[in-house]
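J.: this is the structure alone, sequence omitted:
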């Protein structure tokens, strides 16, 4: 029943590549931003917080359009990159950047939740033992944030798989080059008689996204970071805190 | 015991006050989801996005003749409109950007075959920056990036594809990655207007909206199927006097003049 054209396989492969690249790209950025938002005493943290979350609430079309203005030939960043012979718009790089930006708030939120669960006593202990901030970051915060990083990765990956609005503006809808699964579905749904092929791809994207979410849940359990346990340690931390307050 | 009762009473009062505070918000939320009252004599138009300006202009002119007419216009890609109608969305008059989607709604028994008229036709032009050196289609072979609407999702893209194929350029441009497929014809125009591409093949009517891009040349019409905009009253529209009057208005001199002023080519 399910039939796929060669262009569909290209779209699948491209979607996987774009989503992987976007979520890996956004992981370090998301970690750094979450760390800033949770542990730093930056002035104007609320502003940064709002800025990070903006792609979550803005229409993706707006994100795509702003990216086109920034990365296009006439944009200041696009013009700069063009001098080094790097073209971004209408290439798969543009799709990666669009997906990464859209997935960033999800990544930051996930990691931030994890970081807020870290027992402050551990941070204080590391400080009293003479650890520098980067030492604490690498040996306490980073390992304890791993589960939330996996959660963030899977969320960003799944979101990238579904990115449409920003991608189609800044990358175009070019089969084999920038046409990811949602863009191919859009094409089919706008073709008379394209229903079956659109549905086939819809099914693929549902299965793919579901598998990603399942795998991340499985990974969290495998490493002993199940949701239940995390909640448990959180409440224990709350208990420990209560007498002193 | 009394104290406990008093306590409960107080709690209930407090709770009620708490709930009462939310009532205005609740009413507002409900009024947003509740169905809007629909007036009886209402005309619903489903019009392809490229005719937006011309149809809005026509609606304004028509209202001068029928001041009480309530006209609801729905502008979108023809495919989206046709699927909406197939899914039961109310529409009295459908204007498609290509015959395929009109055939689709005819096949869905939403429109009777004898109701289909050709409202207007269109031409294709190549736009680009004034410095782009191109005077005919074959000159596009030397141009770095050319935008067209995606042939799969937009009728404009299919006409552009046909013209490029006829000129023997399509496969070469496509495999070289120099053909930028945009979501629709307006987006292809945006790319050309912003200088992201060197040229774009778009409708003559859309080219009038360009700010910086200029028309380089017209695409010879024999290179592609004729660009026709079929219009039809739906089965429900046929029964409405207002819908019939608006259809006739569009086909009469006044309506046709508006479409001609927007750059559409009229049929005889």
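T.: That came through fine. None of these values were measured; they are calculated from a predicted model.
J.: report the buried residues of stretch B:192-212.
T.: B:192-207, B:210 (16 or more other Cβ atoms under 10 Å in any protein chain shown). Every residue, glycine included, has its C-beta placed from N, CA and C.
J.: now, which of those lie within strands?
T.: Residues of the buried residues of stretch B:192-212 located in strands (DSSP state E): B:199, B:200, B:201, B:202, B:203.
J.: want to throw those into TSV with distance to chain A and pLDDT?
T.: Output for these, formatted as TSV (distance: Cβ to the nearest Cβ, whole Å; pLDDT from 0 to 100):
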residue	distance to chain A	pLDDT
B:199	14	94
B:200	12	95
B:201	14	95
B:202	15	94
B:203	17	94
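J.: go through those residues and name the one nearest residue A:29.
T.: The nearest member of these to residue A:29, counting by Cβ to Cβ, is residue B:200 at 34.4 Å.
J.: show the contacting residues for the closest one.
T.: B:126, B:127, B:128, B:146, B:147, B:148, B:182, B:188, B:189, B:191, B:192, B:213 (Cβ atoms under 8 Å, 6 or more residues apart in numbering or on different chains).
J.: change it to 6 Å
T.: B:127, B:147, B:188, B:192 (Cβ atoms under 6 Å, 6 or more residues apart in numbering or on different chains).
J.: write out the residues of the stretch 101-250 of chain B neighbouring chain A.
T.: Applying Cβ under 6 Å from any Cβ of the partner chain, we find that the stretch 101-250 of chain B lies next to chain A at B:104, B:150, B:152, B:153, B:177, B:180, B:181, B:182, B:183, B:194, B:195, B:196.
J.: measure stretch A:179-194 end to end?
T.: Terminal residues of stretch A:179-194 are spaced 16 Å apart (Cα to Cα, to the nearest Å).
J.: buried set for it?
T.: A:179-191, A:194.
J.: before we move on, the earlier item: between the contacts of residue B:200, which sits nearest chain A?
T.: For the contacts of residue B:200, the minimum distance to chain A (Cβ to the nearest Cβ) is 7.8 Å, reached by residue B:147.
J.: now for that closest one, how many residues are close by?
T.: Residues near residue B:147, counting by other Cβ atoms under 10 Å in any protein chain shown, number 28.
J.: specify the beta-bridge partners of it.
T.: Taking DSSP bridges as the rule, residue B:147 bridges to residue B:180, residue B:200.
J.: rewinding a little: buried subset of the residues of the stretch 101-250 of chain B next to chain A?
T.: Buried subset of those (neighbour count, 16+ other Cβ under 10 Å): B:104, B:150, B:152, B:153, B:180, B:181, B:182, B:183, B:194, B:195, B:196.
J.: and the least confident of those?
T.: Across the set of these, residue B:153 stands lowest in pLDDT, at 85.
J.: got phi/psi on the closest residue in space to it that isn't next to it in sequence?
T.: Nearest residue to residue B:153, sequence neighbours excluded (Cβ to Cβ, 6 or more residues apart in numbering or on different chains): residue A:190, at 3.7 Å. Per-residue torsions, residue A:190: phi -100, psi 10 (degrees, to the nearest 10).
J.: I'd say residue A:190 and residue B:151 touch.
T.: No - look at residue A:190 against residue B:151 with Cβ atoms under 6 Å: they stay out of range, at 10.5 Å.
J.: just to revisit the earlier point, between the buried ones among the residues of the stretch 101-250 of chain B next to chain A, which sits nearest residue B:228?
T.: The closest of these, once distances to residue B:228 are taken by Cβ to Cβ, is residue B:104, at 15.0 Å.
J.: what does whichever strand or helix holds the closest one rub up against?
T.: According to DSSP states H and E, residue B:104 maps onto helix B:99-107. Counting contacts by Cβ under 6 Å, 6+ apart, the residues outside helix B:99-107 that touch it are A:192, B:78, B:79, B:82, B:85, B:96, B:111, B:113, B:116, B:230.
J.: is it true that the second one touches residue B:97?
T.: Right, the one you point to is residue B:78. Yes - the pair residue B:78 and residue B:97 qualifies as a contact (Cβ under 6 Å) at a distance of 4.5 Å.
J.: shared neighbours of the two, which are they?
T.: Counting by Cβ under 6 Å, 6+ apart, the residues touching both residue B:78 and residue B:97 are residue B:48.
J.: low-confidence stretches in the chain?
T.: Picked chain A for this. Where chain A drops to pLDDT under 70, the residues are A:1, A:223-245.
J.: not quite, I wanted chain B
T.: In chain B (pLDDT under 70), the answer is B:1-6, B:34-41, B:268.
J.: apply 80 and report the result again.
T.: B:1-21, B:24, B:26-28, B:30-41, B:134, B:267-268 (pLDDT under 80).
J.: hey, where'd the strands end up in it?
T.: So, for chain B - with DSSP E - the strands run B:42-48, B:70-76, B:93-95, B:117-122, B:124-128, B:146-149, B:179-182, B:199-203, B:214-218, B:227-233.
J.: contacts for the fourth one, please.
T.: Residues from elsewhere that reach strand B:117-122 (Cβ under 6 Å, 6+ apart): B:203, B:205, B:227, B:228, B:229, B:230, B:231, B:259, B:264, B:265, B:266, B:267.
J.: number of residues surrounding the residue nearest to the first one when sequence neighbours are not counted?
T.: Distance criterion Cβ to Cβ, 6+ apart; nearest residue to residue B:203, sequence neighbours excluded, is residue B:122 at 5.0 Å. By other Cβ under 10 Å, the residues close to residue B:122 number 24.
J.: columns secondary structure and distance to residue A:149 on top of the buried residues of stretch A:179-194, output as CSV?
T.: As requested, the buried residues of stretch A:179-194 are exported to CSV (DSSP: H, G, I helix; E, B strand; the rest coil; distance: Cβ to Cβ, whole Å):
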residue, secondary structure, distance to residue A:149
A:179, coil, 30
A:180, coil, 24
A:181, helix, 25
A:182, helix, 26
A:183, helix, 29
A:184, helix, 30
A:185, helix, 30
A:186, helix, 32
A:187, helix, 35
A:188, helix, 35
A:189, helix, 35
A:190, coil, 38
A:191, coil, 41
A:194, coil, 39
